[in-house]
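# Structural data only, the sequence is not supplied:
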């Protein structure tokens, strides 16, 4: 087990299995020293853990947890591609989509679930550019979907 996964376990979390794609795409693709992670939701063992719109069926607190799980799925996709999260040089960008009720305006607070976890795990290397976008619907009515770009150490 690497340093990053040990840190993850020390805060009571673990890396899930990489969710299977629901369409014709791959979970992550490496191009040079960059890894682009396809959109990941709060899925565990092939099933959504959270379902609904934030601000309606899903509370801000549960949406925060959903963002954590979605980013864990992103990290699982990176690990499957490069064999260890210790090879992550830095997290470059996180793009999050929040399935929002019409009167919900705290999308950045939802995405903090992902961002704060990344900084907790990677320190300064986990600080990233970010977009937190509200949308009217996501696949399977999941509350959040996250894409990520990471830079991987050479060698």
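Great, that's in hand. Since the model is a prediction, treat every value here as computed from it, not as a measurement. Numbering: from 1, shown residues only.
# Centre of the chain to the longest helix along the chain, how far?
Longest helix of the chain, by residue count under DSSP state H: helix 60-82. Centroid separation for helix 60-82 versus its chain: 3 Å, with CA atoms, centre = their mean, to the nearest Å.
# so which strand or helix has the closest residue to residue 11 other than its chain neighbours?
With sequence-adjacent residues excluded and distances taken as CB to CB, 6 or more residues apart in numbering, residue 11 is closest to residue 120, at 6.8 Å. Any C-beta I mention is one placed from the backbone N, CA and C, and that applies to glycine too. Taking DSSP states H and E as the definition, one finds residue 120 inside helix 107-122.
# Could you spell out the sheet neighbours of the lengthiest strand in the chain, each with its direction?
Longest strand in the chain, counting residues (DSSP state E): strand 88-99. Strand pairing for strand 88-99, determined by DSSP bridges: strand 129-135 (parallel), strand 144-152 (antiparallel).
# for those, which one sits closest to residue 45?
strand 144-152 (17.9 Å; CB to CB).
# Next, the buried residues of that closest one.
144-152 (16 or more other CB atoms under 10 Å).
# Then stretch 103-110?
104, 106-107, 109-110.
# contacting residues around residue 145?
By CB atoms under 8 Å, 6 or more residues apart in numbering, the residues touching residue 145 are 39-41, 70, 96-97, 138-139.
# for the protein, which spans come out with low pLDDT?
Applying pLDDT under 70 to the chain flags residues 155.
# and the longest strand of the chain, how far from the chain's centre?
On CA atoms, centre = their mean, the centre of strand 88-99 falls 7 Å from the chain's centre.
# can you state the direction angle for that strand and helix 60-82?
140 degrees (axes from the mean of the first three to the mean of the last three CA atoms, to 10 degrees).
# and strand 88-99, which residues are buried?
88, 90-91, 94-99.
# ditto for stretch 118-133
In stretch 118-133, the ones that count as buried by 16+ other CB under 10 Å are 118-119, 121-122, 125-126, 128, 130, 132.
# With stretch 43-52 instead?
For stretch 43-52, a neighbour-count test (16+ other CB under 10 Å) marks 43, 48-52 as buried.
# Right, I'll leave it there.
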